[in-house]
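*Asks:* Next comes the sequence, and after it the predicted model I'd like to discuss.
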Amino acid sequence: MADNKLAVFVKPWKSLSLPELGAHVRRLGFTWIELPVRPGFPVEPDSIERELPKAAAILREEGVQILNITADLPLDDERLYAACAEAGVSMNRVMFRRGNLPYWEAERAAREQLDAALPLCEQYGVQIGVQNHAGNFVAVHELGLYHLLKDYDSRHVGAIWDAAHNALQGMDLDAALDVVAPYLCCVNLKNGFWQRTNGPEAEFAQWKVYWTSGRHGRASWPTVVERLRAMDYRGPICLTAEYSDHGAADRLIVEDLAFLHSLLS
């Protein structure tokens, strides 16, 4: 697995210009990134056609390439696909919020969005990667992800498996990866655990997720890597750099990358 592309989600460094961002992620040890295309980031949704190819060129000058984007745009917006094709970006990561809809209605709505996007995926050669996410999402776990994706060609719609969200509200790790293996296009690595926010004297327990380093959450990174190796997984791995201690992001992502390298080697 030493040849897997290792990327970092650059959301924590929102305030950096693109040249600064490229230089910074190189210092952290990365040459691949996931780039948010969201309001307030260097590439904004309304200017994606113009700015994404420019951003890709600027980052390449710094020795950094864009593995995928996550764009705050409708999935049937042709600008997204045209910009990706021009920039040489082949994947857009998406998550489907359930909102107030019952689960099956929310899944139907997600399918409608994917159906509308398929001709654009095929035309421009851009894949949609759907991520599992704990909580108010479609899909909340891997069987839900399978049910959502099973009728799609994985060249156009694939699964981005997030180990931390699986551990927080998912399935047994081995079973989860068995379920999504045919659709797997990327693995997200971060880690977290449920932290109680009130005391034992409270009438009802309340919890929140504390995002921590790769060694200290509910997802066993050694087990994940062992299982991916057994599957002969050769796709990309993205470290999503999500930490409750925002000020420690630089230190923690360097430690997590070193930890991952030790597991892969």
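*Replies:* Received it, and whenever you're ready, just let me know what you need. Residues are numbered from 1 along each chain as shown.

*Asks:* Point to the residue nearest the middle of the protein.
*Replies:* Asn188 (5.3 Å; CA atoms, centre = their mean).

*Asks:* OK, contacts around the residue nearest to it when sequence neighbours are not counted?
*Replies:* Excluding its sequence neighbours, the residue lying closest to Asn188 (CB to CB, 6 or more residues apart in numbering) is Asp162, at 4.1 Å. Where you see a C-beta, it was placed from the backbone N, CA and C, and this is true even at glycine. Neighbouring residues of Asp162 by CB atoms under 8 Å, 6 or more residues apart in numbering: 131-133, 187-188, 190, 240.

*Asks:* Now do the strands in the stretch 151-265 of the chain.
*Replies:* 157-162, 184-189, 191-196, 207-212, 237-239 (DSSP state E, counting those that start in this stretch).

*Asks:* so which of the ones you listed is the most packed in?
*Replies:* Highest mean neighbour count of those: strand 157-162, a mean of 25 (counted as mean count of other CB atoms under 10 Å).

*Asks:* what lines up beside that strand in the sheet?
*Replies:* strand 127-131 (parallel), strand 184-189 (parallel) (DSSP bridges).

*Asks:* Please convert those to CSV, extending it with mean pLDDT.
*Replies:* Shown next, in CSV, are the strands paired with strand 157-162 (pLDDT from 0 to 100):
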stretch, mean pLDDT
strand 127-131, 98
strand 184-189, 98
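
*Asks:* looking at the ones you listed, which is closest to Asp256?
*Replies:* Go through the strands paired with strand 157-162 one by one with CB to CB and the one that ends up closest to Asp256 is strand 184-189, at 7.5 Å.

*Asks:* got the CA positions of that closest one in PDB?
*Replies:* Extracted in PDB, the C-alpha atoms of strand 184-189 (Å, rounded to 0.1, in the frame of the first residue of the first chain):
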ATOM      1  CA  LEU A 184     -14.700   2.200  -2.900                       C
ATOM      2  CA  CYS A 185     -13.000   5.200  -4.600                       C
ATOM      3  CA  CYS A 186     -11.400   6.900  -1.600                       C
ATOM      4  CA  VAL A 187     -10.800   6.300   2.200                       C
ATOM      5  CA  ASN A 188     -11.000   9.200   4.600                       C
ATOM      6  CA  LEU A 189      -9.000   8.900   7.800                       C
END
